[in-house]
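> Sharing a model that was predicted from the sequence below.
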Amino acid sequence: MPWSRASALDRHLECPAASWLTRADHGRWEPGYLVTEWTPPPQDPPPDDSTLAEWGTQMHLAKEGSPLATDPWLSWMEPHRDALYPPALGRHEVPFGLCCRTGAIELWTERDGDPDRWKRSRGPSFVTGTVDWWGRLPGGEPWVDDLKTGWYPPAVTHPQLLLYALVASRTAKSATVRISVTHWRRGWEEPERKWQQVGPATLEAFEDELRAAYQRAAGPSGPTPRPGPHCRYCPSGPVCPSVVGEEKP
């Protein structure tokens, strides 16, 4: 298993324990990313509320025009899809893995089979993810986009999108990458998009931060919790000693 997923990278950059502690996921306990043997905690996980997760899942399916997409999401996205994501400029949903020890990048191909299984099979020094949209602008610059459906949009340079940009920069051998966040909140009739260009200084600093976070998670000092704002939404909160105040199994 990789030490982190792109979608969880914000808290994994801050807290080494996030890679080790069990986490509540859709009403059930799941092992930590770097744990091979584990025993579920004795208490019940928090109640499952998948409403927002379902909204995000359906919007992403509609974004790429997947056969699994359903209405009303498909009808909402249809008038905007080609303008937001011009088919000639790129493609949707590109799985990848980046080794935080060597810097090597691996891209999923159809011969690799199921993308989720492929990502789970990457080694413990990898961070994995799926780029929502990966394209190339008419001038030749790589462009990656992250579709967000939550109430508040993240900063354009949030860790998940910087990871996408790092992978795109290395793969395309381009010094700069254009990044965008497309925000489509529940109830909106159309999305908003914000843009930014990132260059070598930003991407090199982010890679240094990424490698340091991996070393904290996998290094000899062990999975020591580092409390902070991320604790408010961390799915490991119910069993984390920094949150509950005592050691839990």
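Received, thanks. Numbers count the residues shown, from 1 in each chain.
> drop to CA atoms for contacts and neighbour counts, all remaining ones
Fine.
> and the end-to-end length of stretch 115-131?
Counting by CA to CA, to the nearest Å, you get 12 Å between the two ends of stretch 115-131.
> Any buried residues in it, and which?
115, 118-120, 122-131 (16 or more other CA atoms under 10 Å).
> Format those residues as CSV; extra columns: pLDDT, distance to V94 and secondary structure.
Formatted as CSV, the buried residues of stretch 115-131 follow (pLDDT from 0 to 100; distance: CA to CA, whole Å; DSSP: H, G, I helix; E, B strand; the rest coil):
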residue, pLDDT, distance to V94, secondary structure
P115, 96, 9, helix
W118, 98, 12, helix
K119, 97, 11, helix
R120, 94, 15, helix
R122, 95, 15, coil
G123, 94, 19, coil
P124, 94, 20, coil
S125, 96, 20, coil
F126, 97, 16, strand
V127, 97, 14, strand
T128, 98, 11, strand
G129, 97, 8, strand
T130, 98, 5, strand
V131, 98, 5, strand
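> so which pair among these is furthest apart in space?
By the measure CA to CA, P124 and V131 form the most distant pair in the buried residues of stretch 115-131, at 20.1 Å.
> and Q196, what element?
Applying DSSP states H and E as the criterion places Q196 in strand 192-198.
> That strand: partners in the sheet, and parallel or antiparallel?
strand 177-183 (antiparallel) (DSSP bridges).
> Which residues outside the partner strand are in contact with it?
With CA atoms under 8 Å, 6 or more residues apart in numbering as the test, strand 177-183 has contacts from 141-150, 153-154, 156, 161, 165, 168-169, 191-199.
> Show me how far stretch 80-99 is from its chain's centre.
For stretch 80-99, the distance from its own C-alpha centre to the chain's C-alpha centre is 15 Å (CA atoms, centre = their mean, to the nearest Å).
> Now it: buried residues?
Of the residues in stretch 80-99, R81, Y85, R91, H92, E93, V94, P95, F96, G97, L98, C99 count as buried by neighbour count, 16+ other CA under 10 Å.
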